[in-house]
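>>> Show me the folded form of this:
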Amino acid sequence: MSTAQHGTAHGRNETAYELGSSRTLWELVERRAALTPDAPVLIQAADDPADDRMLTFGALRDRAERVAAGLYARGVRPGTVVAWQLPTRIETALLSFALARLGAVQSPVIPFSREREVGFALRESKAEHFAVPGVWRGFDHTEMARGLGARGVFEAHEELPDADPSVLPAPPADGADVRWIYWTSGTTSDPKGVLHTDRSLIAGGSCLAHALRLKATDVGSMAFPFAHIAGPDYTVMLLLYGFPAVLFEHFALPDALAGYRRHGVTVAGGSTAFYSMFLAEQRKLPPGEKVIPTLRLLAGGGAPKPPEIYHAVVREMGCALTHGYGMTEVPMITMGAPDDTAENLATTEGRPPPGMEIRITDADGRWLGPGVDGEVRLRGEAVCRGYLDPAQDTAAFDTDGFLVTGDLGHLTESGHLVLTGRAKDVIIRKGENVSAKEIEDLLHGHPAVGDVAVIGLPDPERGERVCAVVERRPGGGALTLEAVTAYLRGEGLAPYKLPEQLEVVEALPRNETLRKVLKYKLRERYARVPLTREP
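All right, here's what the predicted structure looks like:
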């Protein structure tokens, strides 16, 4: 099945910008289905090409309405809270859009989460129904759900509720109502329930789509969990521009490459870790041979992007790379644009779209000028409406209604955002501030370094010491603390910022969504390891 030709983007003179004015997600689905009903929107890549499946925009509308009717028969009404923990499949998208058609409140849960996180999400959201995949990748989600005492458990992996849509009430008309509860990672404490509306998700997806300048002839890809905040971000983009995405239920390279090649994917990505994995596969091939022949753009966000990764992708993979900045609370904040300069694409997170306000402030909330590092604060339609626990709003929003992100950075004269780290990633060594990200960016250029995380560890003499935890690049040779510090000195790093500890690991600990490095696990592991070596 080829997806190289899949219709035109805009019929009836409606543009993507006009579609982005839709009040609700369901309205957006209906408008796209009316424009290009026969164009594909979702393609499920299977291990066996004969098992690949495809859904058109028209079928998305029609089947989602039947699923909505089936859910309605189960007692789901506008405002009913429905949690779902499902893999990246066509059926997951159908269920989610069916709930959007009903005006239910959705609480997506990452499929890799287990009892602690799932139980917390179910209790806090007061979910009345819980959709699970049954046994998936060897784990029985139904048994877990029942063990947690979840209400209204039903399996929605391959079979979905189905009924005559003539019984349905009118679709929701107000996109400003809270209908989504997304969950932060909860790596050091309980997750936070983040409240979104249809309009905030449409705003985020619109910003992403317009920044990337995508076309109806593109073929996207979704290799991350659909339950992540990037799920609606990406599907809004498909609905606006009328092109399809290839879904990967389980993303692993090199196995997934066949699906990318088979369907002629032109846009791939996810996060920095994904860029690195594609690069690793590219490096296995002879010069001049592209790992994905049709690929023209890698795009993503969710984690810092070292400049060297950008240059390596462009140089070795022969495609563009645009990186952005987002979070569960704000799915799209800034994005690099294909026509940005190489310098801006390599060293910044791009510019904010119209309607996204960025303030850089000091600790007291005073604005700082271009080029001055401070805390990043945000206000705009794509920003969440707060948290499920209202008590958490006080610390999260300032008196002007700006979200306080905890990220550090500055704006350039051209309006591009440069992130310099997280407030908690500033290592205070003998009273001097050390940016973990600055050291990480430099070490990514070392030929023996595959990936790196720099952390601060408690130290009785220094307050904190600088520890570099390194994942070695295959074939890159040995790494020693002396060699690493000599390299950093050669790159011009100030002596007081040099690591005092080096740990070499087979693989850095990562989450299962965008494969972010879990620094808290490294801090827990190495905080108890006494420093016995001096640089």
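
>>> what about Ala211, neighbour count?
Residues near Ala211, counting by other Cβ atoms under 10 Å, number 23. In this view, the C-beta of every residue, glycine as well, is placed from N, C-alpha and C.

>>> That one belongs to a strand?
No. Going by DSSP: H, G, I helix; E, B strand; the rest coil, the assignment for Ala211 is helix, not a strand.

>>> Assess the claim that it and Gly324 are in contact.
Yes. The pair Ala211 and Gly324 qualifies as a contact (Cβ atoms under 8 Å) at a distance of 7.2 Å.

>>> Between these two, which contacts overlap?
Met332, Met335, Gly336, Gly350 (Cβ atoms under 8 Å, 6 or more residues apart in numbering).

>>> Now do the phi/psi pair for the third one.
Per-residue torsions, Gly336: phi -70, psi 140 (degrees, to the nearest 10).

>>> who's in contact with it?
Ala211, Leu321, Thr322, His323, Gly324, Asn344, Leu345, Thr348, Glu349, Gly350.

>>> rerun that using 6 Å as the cut-off
Shown in contact with Gly336 (Cβ atoms under 6 Å, 6 or more residues apart in numbering): Thr322, His323, Leu345, Gly350.

>>> Could you dump these into CSV and include secondary structure, neighbour count and distance to Arg315?
What follows is those, written out as CSV (DSSP: H, G, I helix; E, B strand; the rest coil; neighbours: other Cβ atoms under 10 Å; distance: Cβ to Cβ, whole Å):
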residue, secondary structure, neighbour count, distance to Arg315
Thr322, strand, 25, 16
His323, strand, 27, 16
Leu345, helix, 24, 13
Gly350, coil, 23, 20
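
>>> How many residues are close by Ser166?
Residue neighbour count, defined by other Cβ under 10 Å, stands at 7 for Ser166.

>>> From Arg66, how far off is it?
With distances taken as Cβ to Cβ, to the nearest Å, Ser166 is found 10 Å from Arg66.

>>> isn't Phe97 right up against Ala64?
Yes. With contacts counted by Cβ atoms under 6 Å, Phe97 reaches Ala64, the gap being 4.1 Å.

>>> returning to what we had before: taking the shared contacts of Ala211 and Gly324 together, which two end up most distant?
When Cβ to Cβ is used, the two most widely separated members of the shared contacts of Ala211 and Gly324 are Met332 and Gly336, lying 11.9 Å apart.

>>> okay, and for the stretch 151-300 of the chain, where does confidence drop off?
Regions of the stretch 151-300 of the chain meeting the criterion pLDDT under 70 cover residues 185-189.

>>> where along it do the strands fall?
Across the stretch 151-300 of the chain, reading from the start of the chain, the strands by DSSP state E, counting those that start in this stretch fall at 153-155, 178-183, 193-197, 220-222, 245-247, 267-270, 297-300.

>>> Which helix runs longest in the chain?
Determined from DSSP state H, the single longest helix within the chain is helix 57-73.

>>> now for it, which elements pack on it?
Using 3 or more Cβ pairs under 6 Å, 6 or more residues apart in numbering; DSSP states H and E as the contact criterion, the neighbours of helix 57-73 among helices and strands are helix 25-35, helix 90-102.

>>> Now the element after it, going C-ward?
Stepping forward along the backbone from helix 57-73, the first helix or strand reached (DSSP states H and E) is strand 81-84.

>>> partners of that next one in the sheet?
Here strand 81-84 is paired, per DSSP bridges, with strand 105-108 (parallel), strand 129-132 (parallel).

>>> To Val466, which of those strands lies closest?
Using Cβ to Cβ as the measure, strand 105-108 is the one of the strands paired with strand 81-84 that comes nearest Val466, at 37.7 Å.

>>> immediately after that closest one, which helix or strand?
Beyond strand 105-108 in the direction of the C-terminus, DSSP H and E gives the next helix or strand as helix 115-125.

>>> And that next one, what does it pack against?
With contacts defined as 3+ Cβ pairs under 6 Å, 6+ apart, helix 115-125 has no packing partner among the helices and strands.

>>> If we use 10 Å, what do you get?
With contacts taken as 3 or more Cβ pairs under 10 Å, 6 or more residues apart in numbering; DSSP states H and E, helix 115-125 sits against strand 81-84, strand 105-108, strand 129-132, helix 141-147, strand 178-183, strand 193-197.

>>> will you turn these into JSON lines that also has mean neighbour count and distance to Gly58?
As requested, those are arranged in JSON lines below (neighbours: other Cβ atoms under 10 Å; distance: least, Cβ to Cβ, whole Å):
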{"stretch": "strand 81-84", "mean neighbour count": "24", "distance to Gly58": "24"}
{"stretch": "strand 105-108", "mean neighbour count": "24", "distance to Gly58": "23"}
{"stretch": "strand 129-132", "mean neighbour count": "26", "distance to Gly58": "24"}
{"stretch": "helix 141-147", "mean neighbour count": "18", "distance to Gly58": "31"}
{"stretch": "strand 178-183", "mean neighbour count": "24", "distance to Gly58": "24"}
{"stretch": "strand 193-197", "mean neighbour count": "22", "distance to Gly58": "26"}
